[in-house]
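J.: output the structure for:
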Amino acid sequence: MTIMPNRLRPMAATTRLRAREVDRAAVRDALDSAFADGQLSDLEHRNRVEAAGSARTLADLDRLVRDLQVPAELRESVSAPSPPRSTRWAVALATVVVLVCGIVVVTSSRNHDDPAATPAGAQAELTTAAGLGRMLDAIAHQLGDSEVDQLTVYPDYATFSRAVPGQPGREQSYRYEVEDGRARITDNGTSPRTEGVPVDLAELRPNVPQLIGLLYGADRTLGVGDPTDIYLIADRGDDGPAVGIYLRNEDSGAQGFLTAGFDGTVRSVHRSDR
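T.: Numbering: from 1, shown residues only. Below you'll find the predicted structure:
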């Protein structure tokens with residue numbers, strides 16, 4: 001996979017995002033668990049739970065849990081080689097939050113006959129569980145299947161290519177974006193095929209929450225503070241179908257990436273400082 005910076009839409013660090021009630025609830029649950037297993041005293045627990053209730057950003061919530069050990073049931077989702085404890089916890093916490101949201105997203109999207117239709121006011125950003133899941137559903141719905149040679153996802157649009165039926169030496173390129181609450185897939189023409197073995201995005205669809213959970217903690221996992229460029233690439237790697245998460249800070253020059261299988265298991269981590 002080759003790093004291809006996206007200069008079209010800078011993205012602030014995830015921890016600057018405003019916290020939702022589901023985020024606060026996930027942190028309160030984590031604090032309850034930490035109190036139950038002896039990591040927090042009664043006073044610490046009460047103070048942190050109160051602070052979680054008034055937290056305004058994800059950074060506020062992160063400060064309440066970054067010194068806690070990763071819950072055992074989440075260790076598999078953050079099995080990347082030796083990031084600092086606070087990073088492992090941040091990824092795990094994000095996974096908890098996104099898993100909760102992802103259940104709602106998946107259930108909601110399957111209740112609509114046309115997955116390309118986006119409810120008014122819904123989040124269209126593709127680097128969220130809602131946005132990415134809706135895009136995968138739209139591809140399958142409009143094109144009849146989910147096989148692609150490569151899919152590149154930016155926050156506000158995505159591109160993908162697939163073989164031209166009956167012409168294995170040529171590929172069809174498409175662009176996906178959401179405008180006025182409705183998804184649109186545009187045919188960008190054909191060209192000689194560069195990727196010969198497709199991947200089936202249907203295998204990725206059930207694990208979108210796990211993937212976005214990794215993305216939410218990627219700035220610290222990869223040592224790229226305040227990334228200006230962020231994108232995902234799904235294609236076939238040496239070990240089978242994989243998704244690369246790429247971050248770059250244009251000002252500092254820091255860049256890093258990690259790869260994960262379609263099942264959400266981390267395969268490699270390439271930090272900016274190594």
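J.: check which residues of the one helix or strand Asp137 maps to are buried.
T.: For Asp137, the element it lies in under DSSP states H and E is helix 129-143. Buried residues in helix 129-143, counted by 16 or more other CB atoms under 10 Å: 129-141. Where C-beta positions appear, they are placed from N, C-alpha and C, glycine not excepted.
J.: centre of the chain to the helix or strand following it, how far?
T.: Following helix 129-143 in sequence order, the next helix or strand is strand 147-148 (DSSP H and E). On the basis of CA atoms, centre = their mean, to the nearest Å, strand 147-148 sits 19 Å off its chain's mean C-alpha point.
J.: before we move on, back to that, make TSV out of the buried residues of helix 129-143 and add distance to Leu61 and pLDDT.
T.: Listed next are these as TSV, based on distance: CB to CB, whole Å; pLDDT from 0 to 100:
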residue	distance to Leu61	pLDDT
Ala129	18	86
Ala130	20	86
Gly131	22	89
Leu132	22	93
Gly133	23	91
Arg134	26	92
Met135	27	95
Leu136	28	95
Asp137	30	94
Ala138	32	94
Ile139	33	95
Ala140	34	95
His141	35	94
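J.: farthest-apart pair in the residues you listed, please.
T.: Using CB to CB, the buried residues of helix 129-143 span at most 18.1 Å, a distance reached by Ala129 and His141.
J.: first to last residue in stretch 194-203, what's the distance?
T.: 22 Å (CA to CA, to the nearest Å).
J.: I should have written stretch 141-160 there, sorry.
T.: First-to-last residue span, stretch 141-160, CA to CA: 15 Å.
J.: any idea how far that stretch is from the middle of the chain?
T.: Between the centre of stretch 141-160 and the centre of its host chain there is 15 Å, according to CA atoms, centre = their mean.
J.: now stretch 59-70
T.: 20 Å.
J.: could you pull out the helices in the stretch 101-250 of the chain for me?
T.: 129-143, 208-216, 218-221 (DSSP state H, counting those that start in this stretch).
J.: among those, which is nearest Glu177?
T.: Among the helices of the stretch 101-250 of the chain, helix 129-143 comes nearest to Glu177, with 9.3 Å by CB to CB.
J.: got the angle for that closest one vs helix 208-216?
T.: Orientation check (axes from the mean of the first three to the mean of the last three CA atoms, to 10 degrees): helix 129-143 against helix 208-216 gives 130 degrees.
J.: returning to that earlier point: how about the buried residues of helix 129-143 in TSV, adding distance to Ile233?
T.: Below are those laid out as TSV (distance: CB to CB, whole Å):
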residue	distance to Ile233
Ala129	18
Ala130	20
Gly131	16
Leu132	13
Gly133	18
Arg134	19
Met135	14
Leu136	15
Asp137	20
Ala138	19
Ile139	15
Ala140	19
His141	22
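J.: report how many residues lie close to Gly253.
T.: By the criterion of other CB atoms under 10 Å, Gly253 has 9 neighbours.
J.: and it, which of the three is it?
T.: Gly253 falls in the coil class when you classify it by DSSP: H, G, I helix; E, B strand; the rest coil.
J.: that one: what's it in contact with?
T.: By CB atoms under 8 Å, 6 or more residues apart in numbering, no residues touch Gly253.
J.: mind checking how far it is from Pro227?
T.: In this view, Gly253 and Pro227 are 12 Å apart by CB to CB, to the nearest Å.
J.: so, low pLDDT: which residues of this protein?
T.: Applying pLDDT under 70 to the chain picks out residues 1-16, 70-124.
J.: the strands in it, which residues?
T.: 147-148, 150-153, 158-164, 167-179, 182-192, 199-200, 229-237, 240-248, 255-261, 266-270 (DSSP state E).
J.: in TSV: those, plus distance to Asp37 and mean neighbour count.
T.: Output for these, formatted as TSV (distance: least, CB to CB, whole Å; neighbours: other CB atoms under 10 Å):
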stretch	distance to Asp37	mean neighbour count
strand 147-148	44	18
strand 150-153	37	22
strand 158-164	41	20
strand 167-179	43	16
strand 182-192	44	13
strand 199-200	40	18
strand 229-237	34	21
strand 240-248	31	22
strand 255-261	28	22
strand 266-270	25	17
